[in-house]
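# What shape does this take:
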Amino acid sequence: MFRWNNSFETGIVEVDKQHFHLVSLLNELNEEVVHQLQYDNYDKIMAVLLELKEYTEEHFSDEEGLMKDAMEKINDEVKLAEFWSYFKNHKKEHFSFVVKIKAIFDKDIDEQQEEISVELVAFLIDWLKNHILNIDQQLPNYIATQK
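Residues are numbered from 1 along each chain as shown. Below is the predicted model:
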């Protein structure tokens, strides 16, 4: 279970709303994984996982769009270079996440439901917490300079 608290807020309303929704989807997936111990709910797990995958990709696109818009407004070359470095690293993290999720979809989840589901939920919780707290928390430093 991923418990949301104020430490996950970036102060960017749209980003925070999307993060909260991702956490909700992740908690729903976690709930379904727990239920699979009692009954076969492969279809529900896959539906939630697909929604989580699609919403995450949409969120990443939105977040990267915010960064691109902010970079266009920077006139200081030093600040732009610093932001560009942050942007590349941030985008690389997003790409790595998408690759990992696609690899999971390529596995035969139906045959290995418990193992893959537990591994997946653990990965998602860990990745999302670390990404929000270590990468996304820096986002307002760059976006705020543009206001």
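# Report the contact partners of His21.
With contact set as CB atoms under 8 Å, 6 or more residues apart in numbering, His21 has these partners: Tyr55. (Each C-beta comes from the backbone N, C-alpha and C, glycine too.)
# Could you measure from it over to Leu29?
13 Å (CB to CB, to the nearest Å).
# Now for this protein, the helix or strand with the poorest mean pLDDT.
Least confident helix or strand of the chain, by mean pLDDT, DSSP states H and E, is helix 113-130 with a mean of 84.
# quick one: the helices in this structure?
Secondary structure of the chain (DSSP state H): helices at 13-35, 42-72, 77-106, 113-130, 139-143.
# Could I get the buried residue list for the shortest one?
Applying a neighbour-count criterion of 16 or more other CB atoms under 10 Å, one finds Leu139, Tyr142, Ile143 buried in helix 139-143.
# go on, the second one?
Neighbour counts over helix 42-72 (16+ other CB under 10 Å) mark 44-45, 48-49, 52-53, 56, 59-60, 63, 66-67, 70-71 as buried.
# which sections of the protein are below the confidence cut-off?
For the chain, the stretches with pLDDT under 70 are 37, 108-112, 144-147.
# ok, now with 90
Along the chain, segments meeting pLDDT under 90 span 1-2, 29-50, 52-53, 100-124, 142-147.
# now, among the buried residues of helix 42-72, which is nearest to His35?
Of all these, His35 sits closest to Lys44, with 8.0 Å by CB to CB.
# what's around the residue lying closest to that closest one once chain neighbours are set aside, how many residues?
Excluding the flanking residues, the one nearest Lys44 by CB to CB, 6 or more residues apart in numbering is Glu32, at 5.2 Å. Glu32 has 20 neighbours, counted by other CB atoms under 10 Å.
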